[in-house]
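Asker: Have a look at this prediction, sequence included:
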Amino acid sequence: MSKVSLGITAVLRTLFFVVLGTILPYRAKRIFLIATLHAELVEKGVFEQETLDKLNDSMKLAQDVDALKYPAYFHQMVWSDQERLSRVVDEIVGEHTEEFCIPHAEAKKVSETIISMAPSWLRYGPDEMVSDVIHLFYCHPVRHA
């Protein structure tokens, strides 16, 4: 492809996402954020694809898990800063190799970093976004009786 074609494609993609961000309601942005981030983390080997069902159940994202599959196709376009996200993911995975479950304070820090990388058109509330992304990484400690 020529540089002109690549430039036109980039402009059209940006316009598409700006329009999408304008018309998407809060709930749809939430689904889009979590589904695309999950797909990106599956591709990087952090999560298994099957966790999407569990994630949907626990976060009450959509009535049907299939609703999360369409937004997931856009993960590479949404998370275009692949190198930065990879560094963040490598840091967490490197520290937690046995089971991907990190303490709350660390999950909050990672979530804030990841949310800072999210495109502006996908934002629906900074506190809610951080809380949602924390849910991906944080595991409640198991209490033994």
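Answerer: Cool, got the structure. Keep in mind that this is a model prediction, so the values were computed, not measured.

Asker: residue nearest the centroid of this structure?
Answerer: residue 37 (2.0 Å; CA atoms, centre = their mean).

Asker: Lowest mean pLDDT among the helices and strands of this protein, which one is it?
Answerer: The least trusted helix or strand in the chain, going by mean pLDDT, DSSP states H and E, turns out to be helix 82-95, with a mean of 73.

Asker: related to what we said a few turns ago, right, and the residue nearest to the centre of the chain touches residue 115 too?
Answerer: No. Using CB atoms under 8 Å, residue 37 is not in contact with residue 115, being 9.6 Å away. C-beta coordinates here come from the backbone N, C-alpha and C atoms, glycine included.

Asker: Tell me the spacing between the residue nearest to the centre of the chain and residue 9.
Answerer: 23 Å (CB to CB, to the nearest Å).

Asker: before we move on, back to that, what pLDDT does the residue nearest to the centre of the chain get?
Answerer: We have a pLDDT of 91 for residue 37.

Asker: What are the buried residues along the lengthiest helix in the chain?
Answerer: As assigned by DSSP state H, the longest helix anywhere in the chain is helix 3-23. Residues of helix 3-23 classed as buried: 17, 21 (neighbour count, 16 or more other CB atoms under 10 Å).

Asker: what do you get for stretch 53-66?
Answerer: 55-56, 61-62.

Asker: mean confidence for the one helix or strand residue 58 maps to?
Answerer: Under the criterion of DSSP states H and E, residue 58 resides in helix 51-59. Average pLDDT, helix 51-59: 84.

Asker: Just the element for the closest residue to residue 61 other than its chain neighbours, please.
Answerer: Closest residue to residue 61 apart from its sequence neighbours, by CB to CB, 6 or more residues apart in numbering: residue 31 at 5.3 Å. Secondary structure from DSSP H and E places residue 31 in helix 26-43.
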